[in-house]
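Visitor: give me coordinates for this.
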Amino acid sequence: VGSFMKQFPCTECGLCCLALDKIPVLHDFHHGDGKCIYYVQSQGCSIYHSRPLVCRIDEMYQTYFQKDFKKIDFYEKNAEVCNQLQQQHHYSESYRVKLKHE
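Guide: Numbers count the residues shown, from 1 in each chain. Here you go, the predicted structure:
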């Protein structure tokens with residue numbers, strides 16, 4: 001049996017950075033419009049290497065969820081939310097998060 005992927009396969013669509021109003025812990029990262037104050041259109045996150053833990057799927061899993069969820073289940077839930085957000089905003093299918101086993 002092969003092991004599961006080592007890192008969440010983010011497609012860097014940026015939509016999560018435009019919906020912070022749905023994440024209470026990131027309240028101070030937007031001005032009421034949901035758009036992260038550190039997100040730069042066509043460039044991405046300007047604080048990527050020091051972004052909050054909630055923005056780091058793999059580190060969030062390791063820090064808070066590895067005792068409660070299998071990694072595949074955590075990834076599947078995150079992929080589901082990402083893909084739903086992309087569908088709602090009519091993003092190209094090419095941005096969909098696809099999980100695959102190694």
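
Visitor: hey, let's count contacts and neighbours off CA atoms from now on
Guide: Fine.

Visitor: show me the longest helix that occurs in this protein.
Guide: helix 71-88 (DSSP state H).

Visitor: just the mean pLDDT for that helix, thanks.
Guide: Mean per-residue pLDDT for helix 71-88: 95.

Visitor: and that helix, what's buried?
Guide: In terms of neighbour count (16 or more other Cα atoms under 10 Å), helix 71-88 has its buried residues at 71, 74-76, 78-79, 82-83, 85-86.

Visitor: and which of the residues you listed is nearest to residue 30?
Guide: Proximity of these to residue 30 (Cα to Cα) peaks at residue 85, which lies at 18.2 Å.

Visitor: could you pull out the strands for this structure?
Guide: 39-40, 44-45 (DSSP state E).

Visitor: mean pLDDT, mean neighbour count and distance to residue 22 for the ones you listed - can I get that in JSON lines?
Guide: Output for the strands of the chain, formatted as JSON lines (pLDDT from 0 to 100; neighbours: other Cα atoms under 10 Å; distance: least, Cα to Cα, whole Å):
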{"stretch": "strand 39-40", "mean pLDDT": "95", "mean neighbour count": "16", "distance to residue 22": "16"}
{"stretch": "strand 44-45", "mean pLDDT": "93", "mean neighbour count": "16", "distance to residue 22": "18"}
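
Visitor: for residue 56, see how far away residue 89 is.
Guide: As judged by Cα to Cα, to the nearest Å, residue 89 and residue 56 stand 22 Å apart.

Visitor: ok now stretch 73-92, how far from the chain's centre?
Guide: 9 Å (Cα atoms, centre = their mean, to the nearest Å).

Visitor: same check, this time on stretch 83-102
Guide: 11 Å.

Visitor: before we move on, what about stretch 24-32?
Guide: 16 Å.
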